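Next one to model:
(2 chains)
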Amino acid sequence: MALSKQEIAQRIAKELQDKWYVNLGIGIPTLVANYIPEGIEVEFQSENGLLGMGPFPIEGTEDADLINAGKQTVTVLDGGSIFDSATSFSMIRGKHVQLTVLGAMEVAQNGDIANWKIPGKMVKGMGGAMDLVASADNIIVAMMHTNKRGESKILKQCSLPLTGVGCVTKVVTNLAVLEVKNGAFHLLERAPGVSVKEIEAATEGTLIVNGEIPEMSI
Amino acid sequence: MINKKVSNVEQALTGVKDGMTFMLGGFGLCGIPENAIAELVKLNVRNVTCISNNAGVDDFGLGLLLQGKQIKKMISSYVGENDEFERQMLSGELEVELTPQGTLAEKCRAAQAGFPAFYTPAGYGTEVAEGKETREFDGKMYVLEPAFKADFAFVKAWKGDTAGNLIFKGTARNFNPNMCGAATITVAEVEELVPAGTLDPNQIHIPGIFVQRIFQGEKYEKRIEQRTVTPKS
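Residues are numbered from 1 along each chain as shown, chains lettered A, B, ... in the order given. Model prediction:
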């Protein structure tokens, strides 16, 4: 069975490590915060200027002056802090944030990512995505393996305008966990019940399969 | 003490003219200078360039200036949630320069701090870097981005004093501090204006030197774009 969006987030949450500061993008990445492994401490950074972001406020306590980068009302946890936008991107550009998780429309085997613009459609903008992907050492992309027409989004080369070059380190899709290195996708894990053949068929980019590929545990 | 206080928004916006470039603080609708925007609508200044992370929604924030077709060019990182914006952009009436969010903040800070330009990795290898100077440092490529130049910066703070010192609240801080002192004239509007000497100097976020005019704002609506809550158990 291919993973649901929640399960993709759950699998990515297993990548979190103790004492990491983490920036989560909009969509599936936001769900990662719901599955922090037991016994570790992580803090979530929201690029509009918030570290130590907490859950949505209890109904009736929401504050217009406290939102996340998705413009949703949120809370601050104990030990959290608030800062201006330039300081926020100093944390990101200066590599003080250990992990960035974001969505993508396309990922290529050289680590390129496209997630902000479809030619001919209304372009809303890149927000903080270009700064995030250009700066972080550790970038995990959360995405569906194929588009609605069944075409692969895991490619030899991106066809859409790029957000960043050579930056993606790992991809977690509804079908597989892939590592991006040496110009290829390396298959690390399969979704439960999904065969290597199915993953190969859904992957346009070069896929390296080394030995027995384990199923993900979620 | 140098007094920065002006008595109302009309005085605060004296000198605003057609064709100028404005910086406006805020992230989405959070921390936007509501009073200054309302006055810009009233003054009906036209052909202006606005530097702002977002462009408001159809009937609030910078959306109000778009409705009156007052804006010639927007410099932003994200401009969704606004149908009129989309219409003007697609019809070519409105020029849009999309800028990565961290670069946008740093172009403000550079202007504030007196740097003409800086190198950033953001946008390297993408269309954002087209035509721009690039350079390698320690094996990594960077793009040269110039500081902004603006005539007015309109910012919103929580508290301020008559010396122009500012304190922000929550994530309404965002771009506001970075825009202070980044334009020829910085106009700050505050929810609570107090006499100099009232605020603890240790708690000041932006020193008054970066602010030319300060006034007591009125009738803050503080609209929430995405009200997300945890139900009461």
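
Helix or strand next in line after the lowest-mean-pLDDT helix or strand in chain B, which one?
Lowest on mean pLDDT, DSSP states H and E among the helices and strands of chain B sits helix B:83-90, with a mean of 89. Using DSSP states H and E, the next helix or strand after helix B:83-90 towards the C-terminus is strand B:95-98.

Tell me the buried residues in that following strand?
Going by neighbour count (16 or more other Cβ atoms under 10 Å in any protein chain shown), the buried part of strand B:95-98 is B:96, B:98. For every residue, glycine as well, the C-beta is placed using N, CA and C.

what's that strand in contact with?
A:123, A:125-126, B:72-77, B:79, B:89, B:128 (Cβ atoms under 8 Å, 6 or more residues apart in numbering or on different chains).

Would you mind checking those for buried ones?
For the contacts of strand B:95-98, a burial check counting by 16+ other Cβ under 10 Å picks out A:123, A:125-126, B:72, B:74-77, B:79, B:89, B:128.

in the chain, which spans are helices?
Assuming you mean chain A. A:5-13, A:28-31, A:85-93, A:129-135, A:196-202 (DSSP state H).

try again with chain B
Secondary structure of chain B, counting by DSSP H: helices at B:9-12, B:34-43, B:63-67, B:83-90, B:101-113, B:176-179.

Let's have the helices of chain A in TSV, adding mean pLDDT.
Shown next, in TSV, are those (pLDDT from 0 to 100):
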stretch	mean pLDDT
helix A:5-13	97
helix A:28-31	93
helix A:85-93	98
helix A:129-135	97
helix A:196-202	97
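
what's the most buried one of those helices?
helix A:129-135 (a mean of 29; mean count of other Cβ atoms under 10 Å in any protein chain shown).

give the contact list for the closest residue to B:Y142 other than its chain neighbours.
Once flanking residues are discounted, B:Y142 sits nearest to B:Y119: 3.8 Å by Cβ to Cβ, 6 or more residues apart in numbering or on different chains. B:Y119 is in contact with B:135, B:137, B:142-145, counting by Cβ under 8 Å, 6+ apart.

I'd like to know how many residues surround residue 60.
With no chain named, the answer covers chain A. A:G60 sits with 7 neighbouring residues when counted by other Cβ atoms under 10 Å in any protein chain shown.

that answer is for a different chain, and I need it for chain B
Number of residues near B:F60 (other Cβ under 10 Å) recorded here: 16.

Kindly report the same for A:A191.
Applying other Cβ under 10 Å, I find that A:A191 has 24 neighbouring residues.

ditto for B:F152
25.

can you check A:I58 too?
13.

next one: B:P116
B:P116: 10 neighbours (other Cβ under 10 Å).

related to what we said a few turns ago, please tabulate the contacts of strand B:95-98 in a markdown table and include distance to A:E189 as additional columns.
Shown next, in a markdown table, are the contacts of strand B:95-98 (distance: Cβ to Cβ, whole Å):
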| residue | distance to A:E189 |
| --- | --- |
| A:V123 | 35 |
| A:G125 | 34 |
| A:M126 | 30 |
| B:K72 | 52 |
| B:K73 | 48 |
| B:M74 | 44 |
| B:I75 | 43 |
| B:S76 | 39 |
| B:S77 | 35 |
| B:V79 | 38 |
| B:M89 | 42 |
| B:V128 | 34 |
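
ok, back up a step: can I get the contacts of B:Y119 in CSV including neighbour count?
Output for the contacts of B:Y119, formatted as CSV (neighbours: other Cβ atoms under 10 Å in any protein chain shown):
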residue, neighbour count
B:R135, 11
B:F137, 9
B:Y142, 20
B:V143, 24
B:L144, 14
B:E145, 23
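
Show me what the nearest residue in space to A:P192 that is not next to it in sequence is bridged to.
Once flanking residues are discounted, A:P192 sits nearest to A:E215: 5.1 Å by Cβ to Cβ, 6+ apart. When assigned by DSSP bridges, A:E215 has beta-bridge partners A:R190.

got a list of what the residue of chain A most remote from its centre touches?
Within chain A, the residue lying farthest from the chain centre (Cα atoms, centre = their mean) is A:G60, at 31.0 Å. Contact analysis of A:G60 by Cβ under 8 Å, 6+ apart lists B:229, B:232.

same deal with A:E15?
When contacts are counted by Cβ under 8 Å, 6+ apart, A:E15 touches A:99, A:140, A:170.

hmm, back to that, angles on the backbone of the residue farthest from the centre of chain A, please.
phi 100, psi -10 (degrees, to the nearest 10).

measure it to A:C167 for me?
42 Å (Cβ to Cβ, to the nearest Å).

same for the worst-scoring helix or strand of chain A on mean pLDDT, what does it pack against?
Between all helices and strands in chain A, the lowest mean by mean pLDDT, DSSP H and E belongs to helix A:28-31, at a mean of 93. For helix A:28-31, the contact count by 3 or more Cβ pairs under 8 Å, 6 or more residues apart in numbering or on different chains; DSSP states H and E identifies helix A:5-13, strand A:99-103 as packing neighbours.

Mind doing that once more with 10 Å?
Secondary-structure packing of helix A:28-31 (3 or more Cβ pairs under 10 Å, 6 or more residues apart in numbering or on different chains; DSSP states H and E): helix A:5-13, strand A:20-24, strand A:99-103, strand A:139-142.

Chain B: which of the ones you listed is closest?
Judged by Cβ to the nearest Cβ, the one of the helices and strands packed on helix A:28-31 that comes nearest to chain B is strand A:20-24, at 11.5 Å.

mind checking how far that closest one is from the chain centre?
The chain centre lies 10 Å from the centre of strand A:20-24; the measure is Cα atoms, centre = their mean, to the nearest Å.

Since that was my last question, I'll sign off now.
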